[in-house]
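**Student:** The sequence isn't on hand, but the structure is:
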């Protein structure tokens, strides 16, 4: 009975998210109201159509575009092999991926806390206009969010032992799907899973305090050995920041950090703009006002996330460490490399779900809402 209730709750979360995106996909198909359906989305569509036309002629050919457009265009091409409105089919596919990603976040929050926490955590993901708009286009953000959340879900919410290797296999495939469409995130994935694994090994007794001490003592040598890599990364971020300028939604365009101290000083400013912009002084249009409202709500979730981090850390330190490290690296990386909130609005959903996850848990821990019954699931150790 309990499992049936949990399944029903999760299904409703998915259906609401998918239904809203389905309506938005239809509107995007028949109108020009969605600004995210222009520019790159049109190139993805034309690339997919070109590849599909070649396949119908028995050829595997690509147009003269970058590997980014070719790869996602290849994923979209099957929709152009179907009769009817191919663009709409592709948008429906993206809507499904976006809704499933939201369901993943709900499952994680429910697994580690309650149905109430999961329902609260996914409210921004379901209803933010900026996220709905992106998920109803042919952009690749939906599959990246789907890949990341699916990988995290199947690693930190494993089923019974006999199915765990299957769940880990699904996680690897999902993360690879996200990686090939956004390879810049590779170092974030490695760091997050690495730190999580390290904490898990220590908590489980696989690593002694002596080993931890030796590792900490050798860490400066590791930094020195990898300094050239770090320097290359800083130069890459400076380059990205320099070339992405030029548009109505630019901010801090002339601020280009060059040294490690400059990056450290600017990182928290860039992170704030990446997560919460546009700020009130940047609002020029009605869409700006809507996205600015999202930023204010996200600030509230960020405050509540402090409670959520503490609560989750009491239940699973390894999971908490992995999510926190992944979030911090992501907001610093994208905060420094982003110079306009149009791009930031699309990119931040890849990691802002972690804020909503922690925030949902934090709010559910301190507030009880009537009509949202709390259903705490069995922990992993209870299932063995």
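**Tutor:** Now that the structure is in, tell me what you want to look at. Just so it is clear, the structure is predicted and the values come from calculations on it, not from any experiment.

**Student:** neighbours around the residue nearest to residue 105 when sequence neighbours are not counted, how many?
**Tutor:** Leaving aside its chain neighbours, residue 105 sits nearest to residue 353 (5.1 Å; criterion: C-beta to C-beta, 6 or more residues apart in numbering). Where you see a C-beta, it was placed from the backbone N, CA and C, and this is true even at glycine. Using other C-beta atoms under 10 Å, residue 353 has 28 other residues around it.

**Student:** Please apply the same query to residue 90.
**Tutor:** Residue 90, neighbours per other C-beta under 10 Å, totals 25.

**Student:** mind listing what it touches?
**Tutor:** Applying C-beta atoms under 8 Å, 6 or more residues apart in numbering, we find residue 90 in contact with 45, 48, 76, 79, 80, 138.

**Student:** shouldn't residue 105 be in contact with residue 359?
**Tutor:** No: the pair residue 105 and residue 359 fails to qualify as a contact (C-beta atoms under 8 Å) at a distance of 11.2 Å.

**Student:** Who has more neighbours out of these two?
**Tutor:** Per other C-beta under 10 Å, whichever of residue 105 and residue 359 has more neighbours is residue 359, with 29 against 24.

**Student:** Can you tell me which of the contacts of residue 90 comes closest to residue 320?
**Tutor:** For those, the minimum distance to residue 320 (C-beta to C-beta) is 35.5 Å, reached by residue 138.

**Student:** Any figure for the gap between the residue of the chain most remote from its centre and residue 266?
**Tutor:** The outermost residue of the chain relative to its centre, with distances by C-alpha atoms, centre = their mean, is residue 57 at 37.3 Å. Distance, residue 57 to residue 266, using C-beta to C-beta, to the nearest Å: 51 Å.

**Student:** Of all pairs in the contacts of residue 90, which one is the farthest apart?
**Tutor:** It's 80 and 138 that sit farthest apart of these, by C-beta to C-beta, at 10.9 Å.

**Student:** More neighbours: the two, which one.
**Tutor:** residue 138 (26 against 21).

**Student:** before we move on, the earlier item: hey, what's in contact with both of residue 105 and residue 359?
**Tutor:** What both residue 105 and residue 359 touch, as defined by C-beta under 8 Å, 6+ apart, is the set residue 121.

**Student:** where in the stretch 51-200 of the chain is pLDDT low?
**Tutor:** Along the stretch 51-200 of the chain, no part satisfies pLDDT under 70.

**Student:** Could you rerun that using 80?
**Tutor:** Counting by pLDDT under 80, the stretch 51-200 of the chain contains low-confidence ranges at 158-163.

**Student:** In it, mark out all the helices, start to finish.
**Tutor:** 67-76, 86-112, 115-127, 129-135, 141-156, 164-181, 186-203 (DSSP state H, counting those that start in this stretch).

**Student:** Nearest to residue 278, out of the ones you listed?
**Tutor:** helix 129-135 (10.8 Å).

**Student:** next one: stretch 341-358 to chain centre, how far?
**Tutor:** 6 Å (C-alpha atoms, centre = their mean, to the nearest Å).

**Student:** three-state assignment of residue 255?
**Tutor:** Three-state call for residue 255 (DSSP: H, G, I helix; E, B strand; the rest coil): coil.

**Student:** give the contact list for the residue nearest to it when sequence neighbours are not counted.
**Tutor:** Once flanking residues are discounted, residue 255 sits nearest to residue 266: 6.4 Å by C-beta to C-beta, 6+ apart. Residue 266 sits next to 255, 257, 336 when contact means C-beta under 8 Å, 6+ apart.

**Student:** Pick out the one among these with the largest number of neighbours.
**Tutor:** residue 336 (24 neighbours).

**Student:** what about it, is that helix, strand or coil?
**Tutor:** Residue 336 is classified as helix under three-state DSSP.

**Student:** Verify the stated contact: it with residue 235.
**Tutor:** No: the criterion here is C-beta under 8 Å, and residue 336 misses it with residue 235 at 11.8 Å.

**Student:** Any buried residues in stretch 241-256, and which?
**Tutor:** If you call a residue buried by 16 or more other C-beta atoms under 10 Å, then stretch 241-256 has these buried ones: 241, 249, 250, 251, 252, 256.

**Student:** Just list the residues touching the second one, thanks.
**Tutor:** It stands for residue 249. 278, 282, 340, 341, 342, 343.

**Student:** That one and residue 182: what is the separation?
**Tutor:** Relative to residue 182, and taking C-beta to C-beta, residue 249 is found at 21 Å.

**Student:** can you list residues touching both of residue 80 and residue 138?
**Tutor:** Common neighbours of residue 80 and residue 138 (C-beta under 8 Å, 6+ apart) are 48, 90.

**Student:** Can you mark which positions in stretch 121-141 are buried?
**Tutor:** The neighbour-count check on stretch 121-141 (16+ other C-beta under 10 Å) flags 121-126, 128, 130-141 as buried.

**Student:** again, but for stretch 348-366
**Tutor:** In stretch 348-366, counting by 16+ other C-beta under 10 Å, buried: 348-365.

**Student:** ok now it, how far from the chain's centre?
**Tutor:** 12 Å.

**Student:** what comes into contact with stretch 17-32?
**Tutor:** 33-34, 37-38, 85, 87-88, 91-92, 94-96, 98-99, 102-103, 122, 125-127, 132-133, 135-137.

**Student:** May I see the buried residues of it?
**Tutor:** 17, 18, 20, 21, 22, 24, 25, 26, 28, 29.

**Student:** any idea of the mean pLDDT in stretch 337-344?
**Tutor:** The pLDDT scores in stretch 337-344 average 85.

**Student:** And for it, what's in contact with it?
**Tutor:** 237, 240-241, 244-245, 247-253, 270, 273-274, 277-278, 282, 291, 334, 347.
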